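A.B. asks: Build me a model from this:
(one chain, ligands or ions: 1)
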Amino acid sequence: MTIQWFPGHMAKARRQVTEKLKLIDIVYELVDARLPLSSRNPMIDEIVQNKPRLVLLNKADLADKKLTEEWMKHFKDNGIPSIAVDSQTGTGMKQIVAVSKEILKEKFERLAAKGVRHRPIRALIVGIPNVGKSTLINRLAKKNITKTGDRPGVTTAQQWVKVGKELELLDTPGILWPKFEDELVGYKLAATGAIKDAILNLQEIAVFALKFLTEYYPGQLQERYGLEEIPEEIGDLFDEIGKKRGCMMAGGYIDYDKTSELVLREIRSEKLGKLTFDRLHEI
Ligand SMILES: Nc1nc2c(ncn2[C@@H]2O[C@H](COP(=O)(O)OP(=O)(O)OP(=O)(O)O)[C@@H](O)[C@H]2O)c(=O)[nH]1
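C.D. replies: Numbering: from 1, shown residues only. Alright, predicted model coming up:
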């Protein structure tokens with residue numbers, strides 16, 4: 001699903017999240033582990049305010065493990081706990097409940113002291129499009145999606161998804177916008193497949209991606225395309241990959257669109273190995 005974000009849509013998205021914050025104990029901010037910076041909403045701190053938050057680095061199966069650890073440390077240093085998860089296979093799911101309980105320990109102790117009966121933790125998942133929100137909800141809910149109805153005192157009809165006995169999720173996640181105004185962010189989101197190709201120039205994305213791979217993952221690039229060395233000129237690199245993989249046009253010319261498509265498809269399907277596009281020094 002691609003959303004065209006206009007100012008009105010952003011305001012509405014923000015309002016929807018703000019309204020839901022009243023119903024929950026904790027926000028799960030879902031980010032792409034390959035882009036722990038670029039896949040965040042630029043106003044997230046302002047939107048979430050002082051509500052407890054847990055960052056979930058999703059698609060960790062596709063990311064550079066060492067960098068995922070560095071990013072988790074960065075979040076921790078900034079007072080935000082985080083967990084690396086893979087919503088497709090379920091890695092990290094148990095930790096979500098455990099860490100949430102830890103974060104909310106004092107709140108629930110306070111409630112208990114006031115005589116409030118123990119209840120499950122209530123959470124809201126927020127994140128930019130395509131980051132894996134639905135996959136995570138389905139994974140957490142497993143087969144036992146029991147939708148509870150409206151809660152007394154809650155005017156808007158909210159559906160809750162039970163996750164075991166200890167957690168309840170709002171079934172509609174908060175969809176937030178990425179940081180469009182930054183061109184580099186756009187390229188990174190496109191390279192990982194978070195933005196529909198149609199709105200960006202395929203060759204430009206591939207140029208960005210190949211330059212990035214040359215700088216940060218030269219070994220993986222050489223191995224995938226059998227390059228003895230990586231040509232300095234990006235055009236030469238295109239030519240070599242195109243030739244090797246048969247992306248040709250009539251007359252023996254390299255088909256750059258086809259080559260771009262191939263490279264991007266292979267990046268997104270892990271053929272170039274595990275990649276993280278955001279680096280800590282970029283902050
Ligand atoms: N490899 C991998 N792929 C994942 C993971 N989580 C989700 N995906 C894939 O990412 C794509 C987007 O997942 P969704 O759950 O539809 O994302 P969403 O955030 O709900 O997207 P919107 O509905 O557009 O807001 C799908 O193709 C998922 O299969 C993960 O942990 N690892």
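A.B. asks: mind listing the strands for the stretch 1-150 of the chain?
C.D. replies: 26-32, 53-58, 82-84, 121-127, 147-148 (DSSP state E, counting those that start in this stretch).
A.B. asks: Ok, which of those comes nearest residue 211?
C.D. replies: Comparing those by their distance to residue 211 (C-beta to C-beta), the top pick is strand 26-32, with 20.2 Å. For every residue, glycine as well, the C-beta is placed using N, CA and C.
A.B. asks: Run the angle between the closest one and strand 121-127 for me.
C.D. replies: Computed by axes from the mean of the first three to the mean of the last three C-alpha atoms, to 10 degrees, the angle separating strand 26-32 from strand 121-127 equals 30 degrees.
A.B. asks: Quick one: list the elements packing against strand 26-32.
C.D. replies: helix 44-48, strand 53-58, helix 93-103, strand 121-127, helix 133-141 (3 or more C-beta pairs under 8 Å, 6 or more residues apart in numbering; DSSP states H and E).
A.B. asks: Compute the inter-axis angle for it and helix 93-103.
C.D. replies: Computed by the same axes, to 10 degrees, the angle separating strand 26-32 from helix 93-103 equals 140 degrees.
A.B. asks: mind listing what residue 10 touches?
C.D. replies: residue 177 (C-beta atoms under 8 Å, 6 or more residues apart in numbering).
A.B. asks: What separation is there between it and residue 121?
C.D. replies: The spacing between residue 10 and residue 121, counted by C-beta to C-beta, to the nearest Å, is 29 Å.
A.B. asks: can you list the strands of the stretch 1-150 of the chain in a markdown table and add mean neighbour count and mean pLDDT?
C.D. replies: As requested, the strands of the stretch 1-150 of the chain are exported to a markdown table (neighbours: other C-beta atoms under 10 Å; pLDDT from 0 to 100):
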| stretch | mean neighbour count | mean pLDDT |
| --- | --- | --- |
| strand 26-32 | 25 | 98 |
| strand 53-58 | 24 | 98 |
| strand 82-84 | 22 | 98 |
| strand 121-127 | 23 | 98 |
| strand 147-148 | 11 | 48 |
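A.B. asks: Turn those into CSV, columns for distance to residue 170.
C.D. replies: As requested, the strands of the stretch 1-150 of the chain are exported to CSV (distance: least, C-beta to C-beta, whole Å):
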stretch, distance to residue 170
strand 26-32, 10
strand 53-58, 15
strand 82-84, 19
strand 121-127, 5
strand 147-148, 11
